[in-house]
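# sequence and predicted structure are below.
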Amino acid sequence: MTVRTGIDKGTAVATVTLDRPRRHNALDQATVTQLAEIWRAFRFDDTVRAIVLTGAGDRAFCTGIDRGWDVPQPDSPYSADDPLPTVGPKANDLWKPVIAAVNGMACGGAFYLIGESEFVVADETATFFDPHTTYGMVNAFESIYLAQRMPPGEVARLALMGSAERMSARRAHEVGLVSEVTEAGGALAAATRCAATIASHPTEAVQGTVKAIWAATAANRERAFALAPDLIKLGNLPPERQAELFNSRTQSREFRVR
């Protein structure tokens, strides 16, 4: 199993842990499938009233799609399969609140999960970035999710700077991506305390509020999502060229944290 779950029956809080620390909790087919199954199962589990989502280890929350996952694509210029459309809770019709507890790196496909969480608690080690443009890929879906939480200029800077710059937890808090910054190692405990408080409220009212907040940005998000596949097909470099750029990176390459 690449995802661990646990439920505190006393508080009705579930913890979902991406458990691939040696791969920086990157998303492969098994992880994506398990997450979708977990979200759907929680819809029917009355012992769960709030969820905390986190990553195992101290280096990363999630670094997006595992580069070793070869996602098959249809042989047609009119269609392309996004491997992450069902990775998040909202995509699986789960309206119980999800709080993301982030430490270490969060990048790329991690923003699907952060984008479908109610809010983010990060410890001071957390950094946020997206390497899509560095490796010749259009940053579409991730930017759309981020645009629901951050000023457009901050989204543009994070997306366009690619792997050259990382947003610190402090800066992420300043621009609204993160709601609370804790000491190193403290994000999970802080997120769990918030979840326990939320779980103590009547669940019908909580879920209705989650859905109302989500609905506030639904129209713009759905319109943008409809454009994203075409932008990706037009702007992405061929996979072999992407791989060449990715493999040419060096471990000594410096990046700026702001």
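Great, that's in hand.
# how many other residues sit next to the nearest residue to Arg20 once chain neighbours are set aside?
For Arg20, ignoring the flanking residues on the chain, the nearest one in space by CB to CB, 6 or more residues apart in numbering is Thr2 at 5.3 Å. From N, CA and C alone the C-beta is placed, and that goes for glycine too. Applying other CB atoms under 10 Å, we find 21 residues neighbouring Thr2.
# measure Thr2 to Leu18 for me?
Remark: distance between Thr2 and Leu18 (CB to CB, to the nearest Å) = 7 Å.
# contacts only, for the residue nearest to Arg20.
For Thr2, the contact set (CB atoms under 8 Å, 6 or more residues apart in numbering) comprises 18-20, 28, 30-31, 34.
# dump those residues to a markdown table, plus secondary structure, neighbour count and distance to Ala164.
Below are the contacts of Thr2 laid out as a markdown table (DSSP: H, G, I helix; E, B strand; the rest coil; neighbours: other CB atoms under 10 Å; distance: CB to CB, whole Å):
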| residue | secondary structure | neighbour count | distance to Ala164 |
| --- | --- | --- | --- |
| Leu18 | strand | 27 | 26 |
| Asp19 | coil | 16 | 30 |
| Arg20 | coil | 22 | 26 |
| Asp28 | coil | 18 | 26 |
| Ala30 | helix | 14 | 31 |
| Thr31 | helix | 23 | 27 |
| Gln34 | helix | 20 | 33 |
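# just name the closest of those to Asp130, please.
Leu18 (17.7 Å; CB to CB).
# quick one: the closest residue in space to that closest one that isn't next to it in sequence from Leu35, how far?
Of all residues beyond its chain neighbours, the one nearest Leu18 is Asn25 (4.0 Å), with distances taken as CB to CB, 6+ apart. Asn25 sits 11 Å away from Leu35, taking CB to CB as the criterion.
# over to Arg22?
Arg22 is 18 Å from Leu35, by CB to CB.
# looking at those two, which is more packed in?
Leu35 (25 against 9).
# now the more buried one: which helix or strand?
helix 29-43 (DSSP states H and E).
# okay, buried residues for that helix please.
For helix 29-43, the neighbour count (16 or more other CB atoms under 10 Å) marks 31-32, 34-36, 38-39, 42 as buried.
# try stretch 160-179
Of the residues in stretch 160-179, 161-163, 166-169, 171-173, 175, 177-179 count as buried by neighbour count, 16+ other CB under 10 Å.
# quick check: strands, which of those are part of them?
166-168 (DSSP state E).
# now the spatially closest residue to Val138 that is not a sequence neighbour: how far from Ala106?
For Val138, ignoring the flanking residues on the chain, the nearest one in space by CB to CB, 6+ apart is Gly235 at 3.9 Å. Shown here: Gly235 relative to Ala106, a distance of 23 Å by CB to CB.
# these two - which one has more neighbours?
Higher neighbour count among Gly235 and Ala106: Ala106, with 32 against 14, using other CB under 10 Å.
# is the more buried one in a helix, a strand, or coil?
Using DSSP: H, G, I helix; E, B strand; the rest coil, the structure places Ala106 in strand.
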